[in-house]
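Peer 1: Sequence plus the predicted model coming up.
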Amino acid sequence: MSAEARPLPAEAWALRRATLGMWVFLATELMFFGPLFFGYWYGRLAFVDAFFAASRQTDVLLGGINTAVLLASSAFMACAVDALEAGKRRASPWLLLATAALGLAFLGIKGVEYLDDFHKGLYPGGDTRLDSGGRLFFLLYYAMTGVHALHLFIGIGVALVFAFGIARRRPALCDPGRLRVAGLYWHFVDSIWIFLYPILYLAGRSG
Amino acid sequence: MAASYLEEGYTLKSWLTTRDHKRIALLYLAAITAFFFVGGAAATLIRIELATPAADVVTPDTYNRLFTAHGVIMVWLFLIPSIPATLGNFLMPMMIGARDLAFPRLNLASWYIYIAGGTMIMVALLEGGVDTGWTFYTPYSTLFSNSHVVLALAGVFVLGFSSILTGLNFIVTVHTLRAPGMTWFRLPLFVWANYATALILVLATPVLAMTLTLVAIERIFQVGIFDPGMGGDPLLFQHFFWFYSHPAVYIMVLPAMGVASEIIPCFARKQVFGYRMMAYAILGIAAVGFLVWGHHMFVSGQSVYASLAFSLLSFIVAIPSAIKVFNWTATLYKGSISFTAPMLYALGFVGLFTIGGLTGLYLASLALDVDLTDTYFVVAHFHYIMVGGSVMAYLGGIHFWWPKISGRKYPENWGRAAAVLIFFGFNLTFFPQYLLGFNGMPRRYASYPAEFTLLNVLSSAGASILAVGYLLPLGYLGWSMFRGERVAGNPWQATGLEWTTASPPPKDNFEETPTVERGPYCYTPAGGETQA
Amino acid sequence: MNGRRFYRRNLGVGILLMLLLAATTASAYVPMGAWNTVVNFAIAAAKIGLVAAFFMHLLDADALLRIAAAVALLMLSIFLTLASTDYLARRISPAPWQGPHVLRPSSPAR
């Protein structure tokens, strides 16, 4: 990356810094999930049958719906960013609201799932039906989906802040570059779920 | 003539709400120094205890809490931030010709997060401390320890974010804020070193954060991920922990290497030998440093085949470090050497780092490690690198850039005396520990068989000299801030963009963005040429 | 991306993602042994790839950003792979005092 004369304006450089900063941050977030992924891998090796059995106890319908919800929300977020960049400032807040609404829907469905799991005793301190492998599976299930949900919650907040900021024409928030950077975070959260869905819900379904 | 950054506001608020990387660096310097002496106090008590074979000064339980406190404070509150957060923060923007880091407010946030984490750890210590060792091994930490593990873990977790944000800031800064003409291979090696360190900070620290979270979850909910009785694996913790903690030692040593690479050419009045290889070696150390963590687990039950792989990789990681030592030596060859205080520290760094590094190879050998692991050999090895290496380089850097930071000179003879005292005190403290380890004295024990007494007494005696050595700079550097002789911009006639500014520099560093036309280290014997 | 073309593109990517979701869910019920995992991972990778390339604009981004993303994935892979060498290459020697989970994995705990 050589540093000759700079033809780009200052805002373009600020965007470049912010984008690189967000990607570096996303790298740290990916590594943050690392031990959970490895814990899952360890469990899959050490407790093959128990892991498959435990995975079959998850609600694949709700999980699948949630995945679709999040995928749709990503599409809406992408549209919100593109709309703002194309100068269509009116459309953007609505698209962001749709994104946030889908995110909230995800959290709602997740909450229903958690309640269901509690009733069924599927948690590490709960039902004695769960053996070591099952307990480990569900620890990782709650840890991974919980950390994911926390990140999603933050993303919803950011989306709402931008939605209202753009609607009210706050200059700091009407910045398409900033929204694009925020969008990166949302898509990352979606990507994590794309990976969590098969490993938590689809393992052992054919067994 | 613009006001210096020190004169831009004298209120506490102007310091606590600053966005100036130079002021933030000083905020870190103050905090780090305080923590260093707290960790040092723990070490003093340890060495007092170990001066006699019996556990007669403190109970064994208290001793456990002391070495844990010493480790936690020295690793996370002192060494990891030491050079990057003080010298790195202060110098990186200046060395690349920028006004500040990429994200100045994030930089200040990093400091506050550091203070928050440090406070939590201090509270945990005041409440009685932790007795697990800084390594928090399971299942002791998760099932059996009756100490404030969760609070300490939370403090370290919070500290981790400070590290991550600093690393993020450095990476984006080096990629996007270099002045025109400052290509990658014109960067000072200090910048390369901190950049590589930032990569490690960013990629390794999050793993620690999750690991500590899992330990806390295990401790609170007893789920069984690390408990062998419930089908978990204690070694799983060790994989997670050392995946971070081994690269962490490179976080501690790479910036020190960067400092040495700035000091040695200056006081040998010679271009650094093999600049490109030095840069590649820095990247090589960072990269291979991620691949060796299993060498901490050779006797823990890890598969022998994995251990073989880790052993081989640990030998390989020594190669770039050795290249750097050869190149520093070659830089000195036929140089015009002056033994200023920074140079004494830098030379001490090279020698002691070499000894520490070579003894690392002993430990990387599987067969030897079986006997040496968890003995004082390991303790001596890592202290040679972290104290003989990193701390000496840190002090060397503080002295070298002190005129730039404060606009004043410290008293040179006191500086030299302290450097020599530290060198002798250090060797007297830690060399006997190699012999103790070889003879089988285990680490983390408050008492030991009488046959080890002489070496322990020597070590404790050395520690007392070392303590004096560390207190001296505290004294004369502090004195010099108010009464030291004022200096002009570049008293060492060093090259580097940071030396082209006033001492102390103005808030925005450069009056106008410099254009770079030459590589670094354009030294001539008759006196330095500064960059345009 | 001017006009309304981005709506179509994002909708297209979204539909593709949904189709892949259906594919991965359906294929999970087809008994393929170890291939189930492989297929699921491949489809997940494809979905993440689509999100990264189109929604996160990696396709038209600086090389630097692509390198950043690649380094993150590489580091995670190194962690998982190298740590696995331990677990995959261990020899467990069952001894009389070991817990039931070692002697007979996946049986219920005590």
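Peer 2: Right, received. Where do you want to start?

Peer 1: residues near C:I15, how many?
Peer 2: 12 (other C-beta atoms under 10 Å in any protein chain shown). From N, CA and C alone the C-beta is placed, and that goes for glycine too.

Peer 1: again, but for B:I113
Peer 2: 20.

Peer 1: Next, the contact list for it, please.
Peer 2: B:I113 makes contacts with B:158-159, B:161-162, B:165, as judged by C-beta atoms under 8 Å, 6 or more residues apart in numbering or on different chains.

Peer 1: How much space separates it from chain A?
Peer 2: Using C-beta to the nearest C-beta, to the nearest Å, we find B:I113 at a distance of 14 Å from chain A.

Peer 1: now swap in C:L50 and tell me
Peer 2: For C:L50, the distance to chain A - C-beta to the nearest C-beta - is 9 Å.

Peer 1: Now do the contacts for that residue.
Peer 2: Here C:L50 is in contact with C:13, C:16-17, C:20 (C-beta under 8 Å, 6+ apart).

Peer 1: Read off the pLDDT value for it.
Peer 2: Per-residue confidence (pLDDT) for C:L50: 95.

Peer 1: That one: what secondary structure?
Peer 2: Here C:L50 takes the helix state, with states given by DSSP: H, G, I helix; E, B strand; the rest coil.

Peer 1: ok, now B:V272?
Peer 2: Going by three-state DSSP: B:V272 is coil.

Peer 1: What distance do you get for it to B:A330?
Peer 2: 9 Å (C-beta to C-beta, to the nearest Å).

Peer 1: and if you look at A:A182?
Peer 2: A:A182 is 50 Å from B:A330, by C-beta to C-beta.

Peer 1: Between the two, which is the more surrounded one?
Peer 2: A:A182 (22 against 14).

Peer 1: ok so that one is a helix residue?
Peer 2: Yes - the assignment for A:A182 by three-state DSSP puts it in a helix.

Peer 1: quick one: it and A:A159 touch, right?
Peer 2: Yes - between A:A182 and A:A159 a contact is recorded at 7.3 Å, counting by C-beta atoms under 8 Å.

Peer 1: lowest-confidence helix or strand of chain A?
Peer 2: helix A:48-56 (a mean of 90; mean pLDDT, DSSP states H and E).

Peer 1: The helix or strand following that helix close to chain C?
Peer 2: Counting by DSSP states H and E, the next helix or strand C-terminal to helix A:48-56 is helix A:60-85. Yes - counting by C-beta under 8 Å from any C-beta of the partner chain, chain C is contacted by helix A:60-85 at A:60, A:64, A:67-68, A:71-72, A:74-75, A:77-79, A:82-83, A:85.

Peer 1: Where does pLDDT dip in chain A?
Peer 2: A:1-8, A:125, A:127-128, A:207 (pLDDT under 70).

Peer 1: How about it: which residue is closest to chain B?
Peer 2: Relative to chain B, the nearest point of chain A is A:S132 (2.9 Å; C-beta to the nearest C-beta).

Peer 1: tally of neighbours for that residue?
Peer 2: A:S132 has 28 nearby residues by other C-beta under 10 Å.

Peer 1: quick one: it and B:G229 touch, right?
Peer 2: No - counting by C-beta under 8 Å, B:G229 is not a contact partner of A:S132; they are 9.3 Å apart.

Peer 1: Next to chain B in this structure, residues from chain C, please.
Peer 2: C:64, C:71-72, C:75, C:78-79, C:82-83, C:85-91, C:99, C:101, C:109.

Peer 1: Put the buried members of the residues you listed into a ChimeraX selection.
Peer 2: To isolate the buried members of the residues of chain C next to chain B in ChimeraX, using 16 or more other C-beta atoms under 10 Å in any protein chain shown:
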select /C:71,72,75,79,82,83,85,86,87,90,101,109
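
Peer 1: Chain A next: which of the contacts of C:L50 are close?
Peer 2: Applying C-beta under 8 Å from any C-beta to these, those adjacent to chain A are C:13, C:17.

Peer 1: Pull the contacting residues for the closest residue to B:L79 other than its chain neighbours.
Peer 2: Spatial nearest neighbour of B:L79, excluding adjacent residues (C-beta to C-beta, 6 or more residues apart in numbering or on different chains): B:M252 at 4.5 Å. Contacts for B:M252 (C-beta under 8 Å, 6+ apart) come out as B:75, B:79-80, B:82, B:385-386, B:390.

Peer 1: quick one: which of those is nearest chain C?
Peer 2: Using C-beta to the nearest C-beta, the contacts of B:M252 come closest to chain C at B:I80, 18.8 Å.

Peer 1: Of the residues of helix A:60-85 next to chain C, keep whichever come out buried.
Peer 2: A:60, A:64, A:67-68, A:71-72, A:74-75, A:77-79, A:82-83, A:85.

Peer 1: Let's have the residues you listed in JSON lines, adding distance to chain B.
Peer 2: Shown next, in JSON lines, are these (distance: C-beta to the nearest C-beta, whole Å):
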{"residue": "A:V60", "distance to chain B": "24"}
{"residue": "A:G64", "distance to chain B": "27"}
{"residue": "A:T67", "distance to chain B": "23"}
{"residue": "A:A68", "distance to chain B": "28"}
{"residue": "A:L71", "distance to chain B": "26"}
{"residue": "A:A72", "distance to chain B": "29"}
{"residue": "A:S74", "distance to chain B": "23"}
{"residue": "A:A75", "distance to chain B": "28"}
{"residue": "A:M77", "distance to chain B": "23"}
{"residue": "A:A78", "distance to chain B": "24"}
{"residue": "A:C79", "distance to chain B": "28"}
{"residue": "A:D82", "distance to chain B": "25"}
{"residue": "A:A83", "distance to chain B": "27"}
{"residue": "A:E85", "distance to chain B": "21"}
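
Peer 1: Which two of these have the greatest separation?
Peer 2: The distance between the two most remote of these (C-beta to C-beta) is 37.3 Å, for A:V60 and A:E85.

Peer 1: on that earlier part again, give me the contact status of the least confident helix or strand of chain A with chain C.
Peer 2: Yes - residues of helix A:48-56 are located near chain C by C-beta under 8 Å from any C-beta, namely A:48-50.

Peer 1: hmm, who's touching that helix?
Peer 2: Contacts for helix A:48-56 (C-beta under 8 Å, 6+ apart): A:43-44, A:122, A:130-134, A:136-138, A:141, A:200-205, A:207, C:105-106.

Peer 1: same deal with stretch B:329-347?
Peer 2: Residues contacting stretch B:329-347 (C-beta under 8 Å, 6+ apart): B:259-260, B:263-274, B:350, B:392-393, B:395-397, B:399-400, B:410, B:412, B:415-416, B:418-420, B:423, B:492, B:525.
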